[in-house]
Every structure is written in structure tokens, then in C-alpha cells.
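Participant: Here is my input; please provide its structure:
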Amino acid sequence: MRLYIVVLVSLVLATGAVAETKKPTVLVCNFETAGGAKTYLSESTAKMLMTALTYVGDYKVISEDKQIKLMESIGKKAGANISKSEAVGAAETAGSKYVVTGKITKDDKYYTVTVNFIETATGDVKETRSSRHKYQRNISKSIDDIVGLTE
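Facilitator: Residues are numbered from 1 along each chain as shown. Coordinates of the predicted model:
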């Protein structure tokens, strides 16, 4: 009986380890800003999204350190905004299945956060998600909405 339990636990742990490695890797780029949205929101919103995606656990998120090296490899400073083609190229270099780009737009008192999940292999947008909230302080709520942390 003990041997059966040991084998069963080993299988469960091994299966979990395999599932862990099969998570798609994602590169999260800084967000564009438009309207009255302040440019400093670009990097902070990307970091919020990285944290949320890591928390949800559906993706393996490329670390900030690796992102800095990727930016340098394409001749950009850390934190700089990059084009879609540059983002796809950087994601390809990192071996990432997806690159995530985003935009924060302010109109009147509302902030809209839009996120695009782009397949690195094709450059096609796989999915677009957005959320709109009143006030800048609610951008984190928009990120939670986008990744499914709110009801």
C-alpha cells in the first residue's frame, strides 16, 4: 500500500512539473499612452500586468532583467516604447510564444486599458481584452478585470 501511495504521489508531482513547463512564455511590453494618460503609466501598468499574469499562473512571464537585455539587443533603452514588429522580434529572440502589448487611453474622467495578446510565430493578434474605469487610481482594477481576477 505504501509503495502505491509513493508511486501515486510521484506521478502527481511529475505531472505537475510537466504542466509547469508547458505554460506558454509571454513577453509583456510597456504600454502606449494616449489622450490625457500620463507617460509614466506605460511602465507601471506593464509591471502590474506582469504581476497579475504571474499570479494567475497561466503563463510564464519573462523577467524584467531578461526584458532589459532584450531591449538592449534591439538597440533600445529599458522602458522605451517599441513597435509591434520590434516587440514580436524581441519575443521571438526570447523564445516567447506570445508578446503582450497594451494601450492606456484617457478621455474625460475615464481610463481605458487595452491589452493585445500577439502570437510571436505569426504576428497575429490572438486576443484583445479591455477594461474601462473612472480615475487613474483604478487602472489596477482594469488589469485585474483583463486577467480575470475580478467577477
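Participant: Contacts for stretch 64-78 next, please.
Facilitator: 27-28, 47, 50, 62, 79-80, 82, 86, 89-90, 93-94 (Cβ atoms under 8 Å, 6 or more residues apart in numbering). (Glycine included, C-beta is placed from N, CA and C.)
Participant: again, 7 Å this time
Facilitator: 27, 80, 82, 86, 89, 90, 93, 94 (Cβ atoms under 7 Å, 6 or more residues apart in numbering).
Participant: what does stretch 25-34 give?
Facilitator: 39, 41-43, 45-46, 49-50, 53, 59-62, 67, 79, 81-82, 87, 90-91, 94-105.
Participant: Please indicate which of these are buried?
Facilitator: 41-43, 45-46, 49-50, 53, 59-62, 67, 81-82, 87, 90-91, 94, 96-105 (16 or more other Cβ atoms under 10 Å).
Participant: circling back to that earlier point, adding secondary structure, pLDDT and distance to residue 142, write the contacts of stretch 64-78 out as JSON lines.
Facilitator: JSON lines is the format used below for the contacts of stretch 64-78 (DSSP: H, G, I helix; E, B strand; the rest coil; pLDDT from 0 to 100; distance: Cβ to Cβ, whole Å):
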{"residue": "27", "secondary structure": "strand", "pLDDT": "92", "distance to residue 142": "20"}
{"residue": "80", "secondary structure": "coil", "pLDDT": "77", "distance to residue 142": "23"}
{"residue": "82", "secondary structure": "coil", "pLDDT": "84", "distance to residue 142": "22"}
{"residue": "86", "secondary structure": "helix", "pLDDT": "88", "distance to residue 142": "25"}
{"residue": "89", "secondary structure": "helix", "pLDDT": "87", "distance to residue 142": "28"}
{"residue": "90", "secondary structure": "helix", "pLDDT": "87", "distance to residue 142": "25"}
{"residue": "93", "secondary structure": "helix", "pLDDT": "87", "distance to residue 142": "29"}
{"residue": "94", "secondary structure": "helix", "pLDDT": "88", "distance to residue 142": "26"}
